[in-house]
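1. the following block contains a protein sequence and its predicted model.
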Amino acid sequence: MLNRPVFEFSIATNPHGKFCIPKEYQHRPVPKMLLRGEIYEPETQEYLASLSEKGDIICGGAFVGDFLPRLDRAARFGGRVHTFEPNPTSFASAQHTIELNELKNCIIHQCGVGQTSGTLNLQVAKPNGSAMAARARIVPDKIEGQTIEIPIISLDSLIPADRPIAAIQLDIEGHEEEAVKGAHRIIQENRPVVIIEAERPHKQQRFLKLLNDLFPEAGYQLDLIIERNSVFLPRAATA
């Protein structure tokens, strides 16, 4: 029996599967695409899927689970898809998406990720009260009626040390740098492909510098741009 979310929602369907779309999200760009039967960032999903035979995929934030059916289907030979989502509405939606599609290889955590474990403020509503949906973001201060306190866990703590990681994909509204710093063990040991939502050159260069400051021996390079996402490859993968 499915655990239905307590809020109003619709079910969207595209070639990859079914998706739980909260009513309060339905005016936002990604939910609108899903409700039209379209695939959000199809090239990025296919690129990540192509890496799954090399190890597990870390993919976050989950939002409503729009990447999960495709990545779960690609996971082979005991591979896993690790994802996280701190927004309670989005988490419940992604969890229902997992159940609707009977995904067996996805592990979802209700938390945000960062450099260290603790709690932070997540802005989930605009000043007018409307949901921020995929634009929910970490903010420095509590704002009455707009923010909630969420747990933050480093990826190094969240992902078991014995899991081989092929790729880390991050689209977490400006908190990506802290997430990368909290994945030091994972990146040091696995040298995964790192995919970050960064379409502007100054942001691409900032993340390239971060990766090479933290992991100079890996020799990360900016390889290509897929949709709005920058793909950073370690030296061995670019040779």
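-> Nice, I can see it. Numbering: from 1, shown residues only.
2. any idea of the pLDDT on the nearest residue to A75 once chain neighbours are set aside?
-> Nearest non-adjacent residue to A75, counting by CB to CB, 6 or more residues apart in numbering: N105, 4.0 Å away. All C-beta atoms are positioned from the backbone trio N, CA, C, and that covers glycine. N105 carries a pLDDT value of 97.
3. gap between N105 and D171?
-> 20 Å (CB to CB, to the nearest Å).
4. E149 belongs to a helix?
-> No. Using DSSP: H, G, I helix; E, B strand; the rest coil, the assignment for E149 is strand, not a helix.
5. state the three-state secondary structure for S50.
-> Classified using three-state DSSP, S50 is helix.
6. who's the spatially most central residue of the chain bridged to?
-> Geometric centre of the chain, nearest residue: G60, 1.1 Å, by CA atoms, centre = their mean. Note on G60: beta-bridge partners by DSSP bridges are F84, L170.
7. what do you get for F9?
-> P22.
8. hmm, it is touching K18, no?
-> No. Counting by CB atoms under 8 Å, F9 stays clear of K18, with 11.4 Å between them.
9. still on that earlier bit, residue contacts, the residue nearest to A75?
-> For N105, the contact set (CB atoms under 8 Å, 6 or more residues apart in numbering) comprises 72, 75, 79-81.
10. rerun at 6 Å
-> Neighbour list for N105: 72, 75, 80-81 [criterion: CB atoms under 6 Å, 6 or more residues apart in numbering].
11. now do the SS call for A12.
-> With three-state DSSP as the basis, the three-state label of A12 is strand.
12. distance of it from T89?
-> Applying CB to CB to A12 and T89 gives a distance of 16 Å.
13. next, count neighbours for P15.
-> By the criterion of other CB atoms under 10 Å, P15 has 10 neighbours.
14. specify the local secondary structure of the spatially closest residue to it that is not a sequence neighbour.
-> Among residues not flanking P15 along the chain, I39 sits closest, at 6.6 Å (CB to CB, 6+ apart). Secondary structure, three-state DSSP: I39 is coil.
15. give me the pLDDT for I39.
-> With respect to pLDDT, I39 has a value of 98.
16. next, count neighbours for it.
-> 17.
17. what ranges do the helices span in this structure?
-> With DSSP state H as the criterion, the chain has helices at 29-35, 42-51, 68-74, 88-100, 155-158, 176-181, 184-190, 201-214, 235-238.
18. between those helices, which gets nearest to P22?
-> Between P22 and the helices of the chain, the shortest separation by CB to CB is 5.4 Å, and it involves helix 88-100.
19. got the angle between the closest one and strand 9-14?
-> Counting by axes from the mean of the first three to the mean of the last three CA atoms, to 10 degrees, helix 88-100 points 50 degrees away from the direction of strand 9-14.
20. next, the buried residues of helix 88-100.
-> 89-100 (16 or more other CB atoms under 10 Å).
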